[in-house]
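Participant: This is a predicted model, with the sequence first.
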Amino acid sequence: MLKKEKNIHLLLDLFMLNSAFLSGFFLRFGNLDKLGHSEYQLLFLLVNATWVVVFFASGYNFDNRRIKLSQIFFDFTRFWLLNLLITLAFVTIIKGHFYSRYFIMYDYMAFLFLGGMARLGFQMFLRRKRAQGFNYRRIIMVGVNDYSVSFIDELNNHPEYGYRFMGFFDTGNTSQKKQNSALKVNKLDDAFDYLIDEEIDEIFVSTLDYSDQLRSIITFCYLNNIKVNIINELINRLNNDPLTIQLDNSGLNSILTVKDDSVRHTVAKVLKRGFDIIGSLCVIIGFLSWAYPILALLIKLESRGPVLFIQRRSGLNNHSFNCWKFRSMVVNQGSDHKQAEKNDARITNIGRFLRMTNLDEFPQFFNVLKGDMSIVGPRPHMLAHTDYYSERIQTYMERHWMKPGITGLAQAKGFRGETRELRQMENRVEQDRIYVYHRSLGLDLRIIGMTAWNMLTFQKSGA
């Protein structure tokens with residue numbers, strides 16, 4: 001079935017690839033006349049052959065039934081980009097002035113849309129059919145523990161994955177039976193006949209007890225074309241962090257290694273920094289260049305003191321920096337340790353407006369341009385609060401693993417403002433940790449959109 005689904009994916013890709021190719025002709029030339037030219041026929045063969053080679057050489061796992069739709073589109077985009085680069089290299093090498101650059105642009109933009117939508121549509125179709133009881137795979141679980149039980153619960157709660165769970169098998173360890181007394185656990189010795197009689201498609205193994213019996217089961221499955229999956233709680237937790245685990249079997253003993261993704265991380269940092277520079281310049285030139293003198297005048301007219309409130313705050317790797325804000329309070333002695341409270345008497349009238357609209361945070365775009373902050377990231381806290389909460393929340397310092405931001409996931413989701421109870425800060429830190437572990441340019445854009453909506457609708461502003 002896997003081979004059949006893979007072939008369907010390839011045929012669907014090629015259909016959309018060639019549909020986009022023809023669409024490019026219509027968009028650029030208004031007809032297909034130039035398709036008869038040998039140069040375009042050669043290009044036609046090249047893009048098709050390149051896609052087939054990339055498709056099979058990638059080793060892409062089309063059997064991952066639990067994959068997210070966003071990951072499907074991202075993987076397709078990687079293939080699409082590689083195909084585009086090969087095409088551009090071909091045109092450059094042969095100095096193909098004959099080829100229309102607009103045609104190539106129309107062609108590949110159409111393919112990105114058509115091919116991406118086709119893959120997503122096919123996956124959604126499969127999930128719907130699987131939820132209805134079609135295209136399912138029979139599975140068993142070898143090993144009974146809390147993690148394997150929760151894993152099976154996940155599969156049972158998602159019928160669209162297309163798994164039909166048939167039972168647990170184990171060596172009969174008494175401690176495991178006591179912990180999972182409500183489960184029906186079959187003896188591992190009975191698994192051989194069960195695999196054949198029930199036509200099992202896959203087994204999942206969740207035990208570190210590699211006995212001769214378990215080795216026989218795995219070998220038996222290999223010889224009978226039954227897929228074997230190894231699951232482990234440690235590996236799962238590491239892969240949920242911003243890490244990738246790979247098997248290193250180059251030596252006498254195999255080792256699970258945290259993969260070196262320095263290139264990908266460098267590219268991600270460059271993209272984020274570039275986005276920060278462009279974004280901060282746009283705000284500084286397009287807004288602060290004229291709004292700054294107006295707001296500065298209003299602040300100075302209402303109360304004595306500087307226009308900007310500059311405070312040392314915790315940044316990347318807990319290195320402190322000067323964080324800039326428009327001053328929204330009268331000058332006071334408690335600003336470095338006391339949070340702003342509801343109806344705080346220290347807040348001025350213009351300050352109340354600045355806080356309500358979040359305009360008080362806008363000077364931090366200078367911090368972003370300087371490199372102390374990012375547009376999106378965990379909000380920087382006062383040094384006193386970092387010292388206080390780091391002793392009370394075990395995971396608090398993880399939020400300092402990246403640059404602080406003008407806005408963040410916690411603020412976008414409403415975890416902002418005064419924290420009277422420890423639980424309020426714990427919720428905020430948890431959202432920050434989610435961002436640190438799953439950060440991406442797409443998530444940044446989503447957070448910026450949520451923040452903009454909060455500003456337009458005058459949602460609660462934070463300190």
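Facilitator: Received the coordinates, thanks.

Participant: contacting residues around L441?
Facilitator: By C-beta atoms under 8 Å, 6 or more residues apart in numbering, the contact set of L441 is A268, L271, K272, F275. Just so you know, the C-beta spots here come from the backbone N, C-alpha and C atoms, and that holds for glycine as well.

Participant: Same question for L32.
Facilitator: Per C-beta under 8 Å, 6+ apart, neighbours of L32: L22, F25, F26.

Participant: burial of V185, as a residue count?
Facilitator: V185 has 19 neighbours, counted by other C-beta atoms under 10 Å.

Participant: meant to ask about G115
Facilitator: Neighbour tally, G115, other C-beta under 10 Å: 26.

Participant: Could you report the pLDDT at it?
Facilitator: Note on G115: pLDDT of 92.

Participant: Rebuild the contacts of L441 as JSON lines, extending it with pLDDT and neighbour count.
Facilitator: Shown next, in JSON lines, are the contacts of L441 (pLDDT from 0 to 100; neighbours: other C-beta atoms under 10 Å):
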{"residue": "A268", "pLDDT": "81", "neighbour count": "15"}
{"residue": "L271", "pLDDT": "87", "neighbour count": "13"}
{"residue": "K272", "pLDDT": "92", "neighbour count": "20"}
{"residue": "F275", "pLDDT": "92", "neighbour count": "18"}
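
Participant: now, which of those sits nearest I294?
Facilitator: Taking C-beta to C-beta as the measure, I294 lies nearest F275 of the contacts of L441, at 27.7 Å.

Participant: Please name the nearest non-neighbouring residue to the closest one.
Facilitator: L441 (6.7 Å; C-beta to C-beta, 6 or more residues apart in numbering).

Participant: for W80, same thing?
Facilitator: Among residues not flanking W80 along the chain, L112 sits closest, at 5.5 Å (C-beta to C-beta, 6+ apart).

Participant: Name the residues of stretch 319-328 that are buried.
Facilitator: Buried residues in stretch 319-328, counted by 16 or more other C-beta atoms under 10 Å: F321, C323, W324, K325, F326, R327, S328.

Participant: One more: stretch 409-419?
Facilitator: L409, A410, Q411, A412, F415, R416, G417, T419.

Participant: was I right about the first one contacting R433?
Facilitator: No - using C-beta atoms under 8 Å, L409 makes no contact with R433, being 9.4 Å away.

Participant: Look up the residues forming beta bridges with the closest residue to N249 other than its chain neighbours.
Facilitator: Once flanking residues are discounted, N249 sits nearest to I255: 7.7 Å by C-beta to C-beta, 6+ apart. Following DSSP bridges, I255 is listed with bridge partners D248.

Participant: State the pLDDT value of I255.
Facilitator: 77.

Participant: any idea which of the contacts of L441 is closest to M425?
Facilitator: Once C-beta to C-beta is applied, the member of the contacts of L441 that ends up nearest M425 is K272, at 25.9 Å.

Participant: Highest neighbour count among the contacts of L32?
Facilitator: F25 (19 neighbours).

Participant: And the pLDDT at that residue?
Facilitator: With respect to pLDDT, F25 has a value of 85.

Participant: which stretch of helix or strand covers it?
Facilitator: Using DSSP states H and E, F25 sits within helix 2-29.

Participant: And stretch 431-450, what's buried?
Facilitator: Q431, D432, R433, Y435, V436, R439, D444, I447, I448, M450.
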